[in-house]
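> Sequence isn't available, so here's the structure alone:
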């Protein structure tokens, strides 16, 4: 499939587990014991926003320190060699871009950016982190638990209640991470860009996604409907299995580097 070149990669949380970021629905997925923030909860109350930002602030530095793994570097090698024409990721951790895939389309946005819901201004998460540390001192030390895929950690409610949230520095409005929460729609122009990339591709390679949400599954259906090949590498069943011509249930950190070697693509160096 890849020898013919021009394949689009669609990646999910399973690609980042070997970087220390758990997935949602895998064997140890966080949805088994953690309910992610929803758009309605975040926009509907200050308490919801306080809970999100307290837990996110406590987990942010571990997300920021995460590094691309062998799977991310292999995808970049395949892109450089031309075997992969584009990368669409459902992940919000920024690890594809950190591995050198600067043009990766972040379907669900990125945790490294913050958007004001009132004036639309986008700023760096690092800038907000400085402001939150100024307001809350060493609060981040409270987050010693397991980090979730959306970058937060569980905290006791009494700890959350003491957290001070920061407004937009430009207009005083509500700040939100530049990510698509559960219950929120992916921006239409971003969806169209992905549709165009998939439409121009020879096939689709899904990496580490259960395809449980339509935002990713639609591209599998689009490819299969056009009569082009779909391959899925994921440890566990997916909603797209019935449309895949090839299904591989093995760790991405070993499968992808081996694929790079077989195709003669050159992996980028670590670090």
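Structure's in. What do you need? Here the structure is a predicted model, which means the values were calculated and not measured.
> Could you pull out the strands in the protein for me?
Per DSSP state E, the chain carries strands over the ranges 7-11, 84-89, 105-106, 109-116, 122-124, 175-179, 203-207, 230-233, 246-248.
> tell me the angle of the second one relative to strand 7-11?
Note on geometry: by axes from the mean of the first three to the mean of the last three Cα atoms, to 10 degrees, strand 84-89 and strand 7-11 are set 20 degrees apart in direction.
> and strand 84-89, what does it pack onto?
When contacts are defined as 3 or more Cβ pairs under 8 Å, 6 or more residues apart in numbering; DSSP states H and E, strand 84-89 packs onto strand 7-11, helix 70-80, strand 105-106, helix 188-200. In this view, the C-beta of every residue, glycine as well, is placed from N, C-alpha and C.
> partner strands of it, parallel or antiparallel?
Using DSSP bridges, the strands paired with strand 84-89 are strand 7-11 (parallel), strand 105-106 (parallel).
> How about the last one?
In the sheet containing strand 246-248, the strands it pairs with under DSSP bridges are strand 230-233 (parallel).
> From one end of stretch 5-20 to the other, what's the distance?
End-to-end distance for stretch 5-20, by Cα to Cα, to the nearest Å: 31 Å.
> So for it, mean pLDDT?
Average pLDDT, stretch 5-20: 95.
> do stretch 50-61 as well
Averaged across stretch 50-61, the pLDDT comes to 91.
> same question, stretch 250-265
Rounded mean pLDDT across stretch 250-265 is 94.
> And that stretch, how far out from the chain middle?
On the basis of Cα atoms, centre = their mean, to the nearest Å, stretch 250-265 is displaced by 21 Å from the centre of the chain it belongs to.
> Could you list the buried residues of that stretch?
Buried positions in stretch 250-265, judged by neighbour count with 16 or more other Cβ atoms under 10 Å: 252-253, 255-257, 259-260, 265.
> I'd like those laid out as a markdown table, including distance to residue 71.
Supplementary listing: the buried residues of stretch 250-265 in a markdown table, determined by distance: Cβ to Cβ, whole Å:
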| residue | distance to residue 71 |
| --- | --- |
| 252 | 4 |
| 253 | 5 |
| 255 | 8 |
| 256 | 5 |
| 257 | 8 |
| 259 | 10 |
| 260 | 10 |
| 265 | 14 |
